[in-house]
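> Give me coordinates for this.
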Amino acid sequence: MLRKVDKHSGMPAYIQIENMIKSEILLGNLQKGTQLPTVRELQNTFDVNINTVIKALERLKAEGYIQAEQGVGYFIKKDVDIDQMVIKTIRECISKLKKDGIDYYTAMLIFEEVWKNG
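Take a look at the predicted model:
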């Protein structure tokens, strides 16, 4: 879901925007060929300077996630095929972590250690 950036997170706004759009692609919410909202619409959605939006889009373009069509807009270029069962399993795991009172940062530490040693 695209939302306003957190200006107090310590993470640059353009990276937050880039990550939000990547997440939507990876979760299958934005599929290959889908046109992104206009730069101005994204500026309003994220509540940032237009140059911040452009920087995020250019980084996504350089990574091959999106492509630009002059005078038309930006389109999803990459079709990421993540098994929906994997996403379902992750959601169930996150739900259990929350239910057990484990905060985000602790969960990320656990995830990182399991990833490295798994």
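> What distance do you get for H8 to K22?
Shown here: H8 relative to K22, a distance of 22 Å by CB to CB, to the nearest Å. From N, CA and C alone the C-beta is placed, and that goes for glycine too.
> burial count for E24?
By the other CB atoms under 10 Å criterion, the neighbourhood of E24 contains 17 residues.
> What ranges does this structure have for its strands?
Along the chain, counting by DSSP state E, strands occupy 66-69, 73-76.
> Work out the gap between the first one and the centre of the chain.
For strand 66-69, the gap between its own C-alpha mean and the chain's C-alpha mean amounts to 17 Å (CA atoms, centre = their mean, to the nearest Å).
> Next: stretch 20-38.
Stretch 20-38 sits 8 Å away from the centroid of its parent chain (CA atoms, centre = their mean).
> Leaving out chain neighbours, which residue sits closest to K55?
Y14 (4.3 Å; CB to CB, 6 or more residues apart in numbering).
> If you tally nearby residues, what's the number for that neighbour?
Per other CB under 10 Å, the neighbour tally for Y14 reads 21.
> try L60
Based on other CB under 10 Å, the number of other residues close to L60 is 24.
> contacting residues for it?
Contacts here follow CB atoms under 8 Å, 6 or more residues apart in numbering; on that basis L60 touches E18, I21, K22, I66.
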